[in-house]
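# Pasting the sequence and the predicted model now:
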Amino acid sequence: MNKIYQKRLSQLKKNLARKPYLKFIKKLFKKFPESEIYLVGGAVRDTLLGLKEQKDYDFVVRNIAPQSLNEFLEKIGQVSLVGKNFSVYKFYPQGKKLDEAIDIALPRTEHALNTGGYKDFEVQSDYRMPIKEDLARRDFTINAFAFDLKNGKLIDEFRGLSDLENKIIRTVGEPKKRFSEDYSRMLRALRFSCQLDFKIEINTFKSIKENISNINKKRLVSNKFERVVPSETISEELLKAFYENPKRALELYDKSSTFEQLVPELLAMKDCLHPKNFHSEGDVYEHTKLCIENLKSKNFRKQFKDNPEINTELIIAVLLHDIGKPLTIKTPEKDGTDRIRYNEHDIKGAKLARSICKNLKFDSEPRESILRVNPENVFWMIKRHLITLHGDINKMRAATIEKLFFNKLRPGKNLLRLLYIDAISTIPEKGETDLTNFYKLVKRIKDLDKLHKEKDKLPPPILDGNEIMAKLKLKSGPQIGKLLSILREEQLQGRVGMEKSVKERKKKALEILEKYSNKLQDARDKDTNNIQ
């Protein structure tokens with residue numbers, strides 16, 4: 001082991017000793033001198049890689065009988081046993097507030113029931129079992145490390161360090177067997193490849209491609225069929241992969257045939273033609289690939305330099321924004337159109353994208369999670385991803401821009417980013433990419449933003465419906481809604497609302513509304529006379 005790894009592990013040991021909620025380790029060694037404690041899992045891997053230290057730790061304890069360990073932990077905190085035979089203790093130290101319990105386990109082996117479910121194992125634990133046997137049940141070599149806290153020694157029985165140095169994802173043991181034990185491990189391999197920017201070892205990847213169809217397997221439970229791998233697990237792995245590295249995730253999910261199993265609708269974009277004069281980058285799938293790549297581009301970071309971070313909801317919207325094109329394509333050869341067209345692909349694509357997000361349960365992540373994807377937000381963005389192509393941006397009502405980009409209930413910022421990504425990924429056969437309408441829209445948004453001192457917040461309406469009815473002596477009805485809309489447009493255009501006092505603003509607003517109210521009344525009288 002090289003000096004860098006030794007230094008990182010030495011620092012890890014010091015960090016663990018300093019953490020108040022891990023004081024139980026020192027107490028345990030003192031109470032049970034013959035005991036062995038190992039830190040296992042991602043914390044060891046990430047330490048070796050020099051990544052940010054994790055907050056969650058998993059420990060394996062040897063040479064302490066289960067009853068003795070349980071009694072010891074109960075005296076210094078709260079403890080519960082996971083499962084009857086799992087021998088995993090969820091431990092909360094006294095006086096220490098932790099978001100999650102500390103996992104403390106006895107060495108154990110797992111025997112798969114050959115269902116592919118990640119919980120379908122027979123577990124056998126033995127506090128005297130060698131640590132090597134416990135590590136042998138783990139998924140990938142880079143996750144099969146154990147750090148001996150007593151001796152400060154790294155246990156690496158499966159060439160994990162070698163794979164770490166060579167940036168390789170490889171299963172512990174034979175890939176097909178490891179994946180047949182738990183089908184979700186195939187998605188974990190893809191996710192780790194994206195997260196760590198590692199290659200997947202050739203036999204491991206080959207096995208994923210050969211066995212990925214199992215990810216859709218179902219079984220009969222209580223008279224109904226359920227997924228062997230829960231949709232929530234599939235969703236979490238897919239979203240993590242695309243969040244960590246959108247470009248790599250797209251490539252891996254395609255080459256491994258995972259899209260074929262989970263989102264086959266995406267593959268219909270392959271060979272779905274684009275008019276070359278507008279899209280010299282290639283077919284719809286190639287355009288989508290370029291869009292995904294541009295999420296991490298210098299141009300994107302420059303355009304959104306105030307907040308260049310992207311969330312998973314935007315990534316999924318970019319991935320699916322043109323999924324309606326294969327459903328709506330019309331060509332001169334087959335349909336007699338003047339050119340290749342995709343009428344209403346925005347609307348049909350939005351509906352299909354929403355259905356995909358719901359089926360894969362992308363909204364199962366916690367509300368505060370950056371991974372969470374709201375299907376309705378994806379629908380809303382894709383439905384509107386052509387607004388810079390429809391009409392003159394300068395003639396767009398200010399109230400429409402307000403609804404799109406200043407409504408906290410809508411992902412307006414992500415919509416603007418989607419519009420930009422789509423535009424810079426549309427490469428004309430001649431000339432440069434046209435961003436004229438996009439920049440017109442940005443200017444309109446900035447102009448509206450200047451109406452209020454608070455960033456991203458427009459001024460409140462000058463009058464409400466009750467005030468309009470009282471001042472103009474009007475009855476409740478559709479006319480009030482029209483007048484409110486008219487007044488808001490006038491306010492957002494800067495023709496009212498700039499007066500110094502509230503009284504002056506309301507007076508000017510009423511003068512404007514009286515004129516419009518009279519026009520509306522004249523129009524109604526004219527319609528009545530025509531009917532008579």
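Thanks, I have the structure now.

# With only the CA atoms kept, save the helix or strand residue 134 falls within in PDB.
When secondary structure is defined using DSSP states H and E, the element that contains residue 134 is helix 131-135. Coordinates of the C-alpha atoms in helix 131-135 are reproduced here as PDB (Å, rounded to 0.1, in the frame of the first residue of the first chain):
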ATOM      1  CA  ILE A 131     -13.500 -10.900   8.700                       C
ATOM      2  CA  LYS A 132     -12.600 -12.300   5.200                       C
ATOM      3  CA  GLU A 133     -15.800 -14.400   5.100                       C
ATOM      4  CA  ASP A 134     -17.900 -11.300   5.900                       C
ATOM      5  CA  LEU A 135     -16.200  -9.300   3.200                       C
END
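
# Tell me the buried residues in that helix?
Taking 16 or more other Cβ atoms under 10 Å as the basis for neighbour counts, the residues of helix 131-135 that come out buried are 131, 134-135. Yep, even glycine has a C-beta here, placed from its N, CA and C like the rest.

# Show me which of those is closest to residue 309.
The shortest distance between residue 309 and any of the buried residues of helix 131-135, using Cβ to Cβ, involves residue 135 and amounts to 36.7 Å.

# how near is the closest one to residue 109?
If you measure residue 135 against residue 109 using Cβ to Cβ, to the nearest Å, the figure is 10 Å.

# wait, what's in contact with residue 155?
Applying Cβ atoms under 8 Å, 6 or more residues apart in numbering, we find residue 155 in contact with 38, 131-132, 135, 145-148.

# go again using 7 Å as the cut-off
38, 131, 135, 145-146, 148 (Cβ atoms under 7 Å, 6 or more residues apart in numbering).

# With residue 426 instead?
Contact partners of residue 426, counting by Cβ under 7 Å, 6+ apart, are 278-279, 433.

# Neighbour-wise, give me the winner out of the residues you listed.
Ranked by the number of neighbours (other Cβ atoms under 10 Å), the contacts of residue 426 place residue 279 first, at 20 neighbours.

# what helix or strand does that residue sit in?
Counting by DSSP H and E, residue 279 is found in no helix or strand.

# right, and it touches residue 288 too?
No: using Cβ atoms under 7 Å, residue 279 and residue 288 do not qualify as a contacting pair, with a distance of 11.1 Å.

# So residue 37 lies in a helix, does it not?
No: going by DSSP: H, G, I helix; E, B strand; the rest coil, the assignment for residue 37 is strand, not a helix.

# For the stretch 101-250 of the chain, which segments count as strands?
In order along the chain, the stretch 101-250 of the chain carries the following strands (DSSP state E, counting those that start in this stretch): 102-105, 108-112, 121-125, 145-148, 153-156, 168-169, 199-200, 218-221, 224-227.

# Which one of those lies nearest to residue 297?
Closest approach to residue 297 among those is made by strand 199-200 (23.3 Å; Cβ to Cβ).

# Tell me the helices and strands packed up against that closest one.
helix 184-196 (3 or more Cβ pairs under 7 Å, 6 or more residues apart in numbering; DSSP states H and E).

# what sits up against the helix it packs on?
Counting contacts by Cβ under 7 Å, 6+ apart, the residues outside helix 184-196 that touch it are 118, 139-140, 169, 178-179, 198-200, 204, 208, 211-212, 215, 229, 233-234, 237-238, 240-241, 244-245, 248-249, 252-253, 256, 258.

# what pLDDT, on average, does the helix or strand harbouring residue 46 get?
In this assignment (DSSP H and E), residue 46 forms part of helix 42-49. Helix 42-49 shows an average pLDDT of 95 in the prediction.

# got the angle for that helix vs helix 184-196?
Orientation of helix 42-49 against helix 184-196 (axes from the mean of the first three to the mean of the last three Cα atoms, to 10 degrees) gives an angle of 30 degrees.

# Contacts made by helix 42-49 with the rest, please.
By Cβ under 7 Å, 6+ apart, the list of residues contacting helix 42-49 from outside reads 5, 8-9, 12, 53-54, 57, 142-143, 145, 147, 164.

# same for the helix holding residue 134, what does it pack against?
strand 58-62.

# who's in contact with the strand it packs on?
Outside of strand 58-62, the residues within contact range by Cβ under 7 Å, 6+ apart are 35-41, 69, 103-107, 127, 131, 134, 146.

# Hey, what's the angle from that strand to helix 42-49? Just curious.
Going by the same axes, to 10 degrees, strand 58-62 makes 110 degrees with helix 42-49.

# Neighbouring strands - and their directions - for strand 58-62?
On the basis of DSSP bridges, the sheet neighbours of strand 58-62 come out as strand 36-40 (antiparallel), strand 102-105 (parallel).

# what sits against residue 331?
337, 340.

# make it 6 Å
Going by Cβ atoms under 6 Å, 6 or more residues apart in numbering, residue 331 touches residue 340.

# If I look at it, what pLDDT would I see?
Reported pLDDT for residue 331: 94.

# quick one: it and residue 340, what's the gap?
Taking Cβ to Cβ as the measure, residue 331 falls 5 Å from residue 340.

# same check, this time on residue 439
Going from residue 439 to residue 340 by Cβ to Cβ gives 27 Å.

# So between these two, which is more surrounded?
residue 340 (20 against 14).

# I'd say that one and residue 277 touch.
No: checked against Cβ atoms under 6 Å, the pair residue 340 and residue 277 is beyond contact range at 9.9 Å.

# Can you list the neighbours in contact with stretch 234-241?
Residues from elsewhere that reach stretch 234-241 (Cβ under 6 Å, 6+ apart): 187, 190-191, 194, 249, 312, 360-362, 364, 371.

# ok, now stretch 18-38?
With Cβ under 6 Å, 6+ apart as the contact definition, stretch 18-38 has outside contacts at 16, 59-64, 76, 93, 96, 131, 146, 148-149.
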